[in-house]
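Chemist: Pasting the sequence and the predicted coordinates here, then a few questions.
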Amino acid sequence: MLREHSSLILDFQKVFDSVITIVSFIIAYFIKKEILPGHLGALSTAPNYYLILTLIIISWYMAFKWMDVYMPYRAKPFWYFFTAIVKGSLLGMIFVSVAMYAMHIQGVSRLLMGIFLILNISFLTLVRFIVFKTLERLRTDGFNTRSVLIVGSKERAREVIRAIEKYKSSGYRVAGCFDVEDDLVGQAVENGHKVIGLVRDLEDYLRHNIVDELIFAMPLKIIKKGGRYLALAEGMGIKVRIIPDWEIHYLMYRPNIATIHFESFLGVYNMTLQTTPMNEGKILLKTIFDYLSALFLTLLLLPVFAAIAVAIKLTSEGPVFYTQERLGMNGRKFKFYKFRTMVNNADEIRKGLEDKNEMDGPVFKIKEDPRIIPGIGHFLRKTSLDELPQLFNVLRGEMCLVGPRPPIPKEVDEYSVWHRRRLSMKPGMTCLWQIAPNRNDLSFDEWMKLDLKYIDTWSLFNDIKILFLTARAVVTRSGR
């Protein structure tokens, strides 16, 4: 994901750290002036401590950036954060001392600066610890976990497994290991994890299982046509990590879509290829926006929900809601909700209508679908109001307001490799296809390209724009 150093959440953290630093200095000033007894207490009016505080804020910002204090929480143990804070604070103090010497500022209380340094390190560490433990508890409880598949079964693979097992709170879970040798299948690798398949079968496994990250923990030069598997994962939108010795040059492989960066994975350094948006701060902001908006819209539209439910019950036998199994991010299954717009046995009737399908690819659509409930069914589909119950899916964290539409498992079984990359982001209630002119006349590949365009050009501004255009589509009744 895009470099987290530029993400919104880390920018907010920098501001919050500055606030903590200011508060620490104010408390230290108060302790020195008002609390300490005798000659240890009191402060002269010179030098100007407002100027000293300004120098501290600037110096701390530079030092923290230099010492890489702002690291992602998932892939680092806590002591990384503590040591970075201590080093950054000490370096900041050096910067302040140099600045005061250059500006000929004298008479600054060393005791005050010492108290400030201790308070600042303590407060910054405490806040990091609270955030770290909160995220750790959530991941330990099964929230926000990531499934990892390892290619390799020797020492590098064991090193990765040991790191993941040591930091289970990171949320990473090992799905298993793949290797190139047939006789290794079924053999144990580390901590109960086994070789579950061969590299040549990797495509089939990735198609039918949830894999968030693929880690190559074996020499790439011994994988026959290894570049094909990197391209496969890239095309499917799966994050790829390569553990050194950096032998990608043997493959003559150049990423077409993915960005490349170097990072630490639970203390194991690796090269990472990723195709999805990497600004995790803005992704988090999108999640918060989606949840609050879904909650507000659900409460606001309760009368509309009630009216639609009554209309469906009066015109057709069967339940108000239609539920179906769909696939979310990287193939996670969930129960998908819609207002029922078709007769109760619509799925059975579809079997006799397959030859009338007007869409290419695995999607089924026909203009005059006889299964649609007369009146209310056509109205709901024209206005897309049948999609409103997916607000519940957003509140459950399975979908977002804007994103690729969630497919059914049967459709995904027929996907080409490049189609599967649309599963690399959480699905949404609306998307570029939903607002496209004559959307029902687009081919399946054109639909998929719109979804990939959304992923490749994602921004919060585009999400808001799509939501407004979706509202216009509802008013103009451009659905079918």
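Modeler: Perfect, I can see it now. Numbering: from 1, shown residues only.
Chemist: The nearest residue to M100 once chain neighbours are set aside: neighbouring residues, count only.
Modeler: Nearest-residue entry for M100: V108, 6.4 Å, with adjacent residues in sequence omitted and distances by CB to CB, 6 or more residues apart in numbering. Glycine gets a C-beta too; all of them are placed from N, C-alpha and C. V108 sits with 15 neighbouring residues when counted by other CB atoms under 10 Å.
Chemist: now the helices for the stretch 301-450 of the chain?
Modeler: Along the stretch 301-450 of the chain, counting by DSSP state H, counting those that start in this stretch, helices occupy 302-315, 346-350, 376-383, 390-395, 409-413, 432-435, 444-456.
Chemist: The third one to helix 302-315, inter-axis angle?
Modeler: With axes from the mean of the first three to the mean of the last three CA atoms, to 10 degrees as the basis, helix 376-383 and helix 302-315 are set at 140 degrees to each other.
Chemist: okay, and for the protein, where does confidence drop off?
Modeler: Applying pLDDT under 70 to the predicted model, the residue ranges of the chain that meet it are 1-11, 38, 44-45, 72-76, 142, 244-271, 274-282, 355, 358-361, 477-480.
Chemist: can you list the domains in it?
Modeler: By the record's domain assignment, the chain is partitioned as 4-140, 146-274, 280-476 (automatic domain parsing).
Chemist: circling back to that earlier point, so which of the helices of the stretch 301-450 of the chain gets nearest T54?
Modeler: Put simply, out of those the one that sits nearest T54 is helix 444-456, at 42.3 Å, with distance taken as CB to CB.
Chemist: got the contact list for the residue nearest to M100?
Modeler: By CB atoms under 8 Å, 6 or more residues apart in numbering, the contact set of V108 is P47, I52, M100.
Chemist: try D141
Modeler: By CB under 8 Å, 6+ apart, no residues touch D141.
Chemist: repeat for K225
Modeler: With contact set as CB under 8 Å, 6+ apart, K225 has no partners.
Chemist: returning to what we had before: for the residue nearest to M100, which three-state class applies?
Modeler: Of the three states, V108 takes coil according to DSSP: H, G, I helix; E, B strand; the rest coil.
Chemist: Roughly how far does it sit from V96?
Modeler: Applying CB to CB, to the nearest Å, the value for V108 to V96 is 9 Å.
Chemist: same for whichever strand or helix holds T54, what does it pack against?
Modeler: Of the helices and strands defined by DSSP states H and E, T54 is found in helix 49-66. With contacts defined as 3 or more CB pairs under 8 Å, 6 or more residues apart in numbering; DSSP states H and E, helix 49-66 has these neighbours: helix 8-30, helix 78-102.
Chemist: wait, which of those helices is closest to F116?
Modeler: Proximity of these to F116 was assessed by CB to CB; the nearest stretch is helix 8-30, lying at 3.8 Å.
Chemist: Tell me what angle the closest one forms with helix 49-66.
Modeler: Helix 8-30 and helix 49-66 are oriented at 140 degrees to each other (the same axes, to 10 degrees).
Chemist: ok, and what's touching helix 8-30?
Modeler: Residues external to helix 8-30 that are found in contact with it (CB under 8 Å, 6+ apart): 4, 43, 49, 53, 56-57, 60-61, 64, 69-70, 112-113, 115-116, 119-120, 123-124, 127, 279-282, 284-285.
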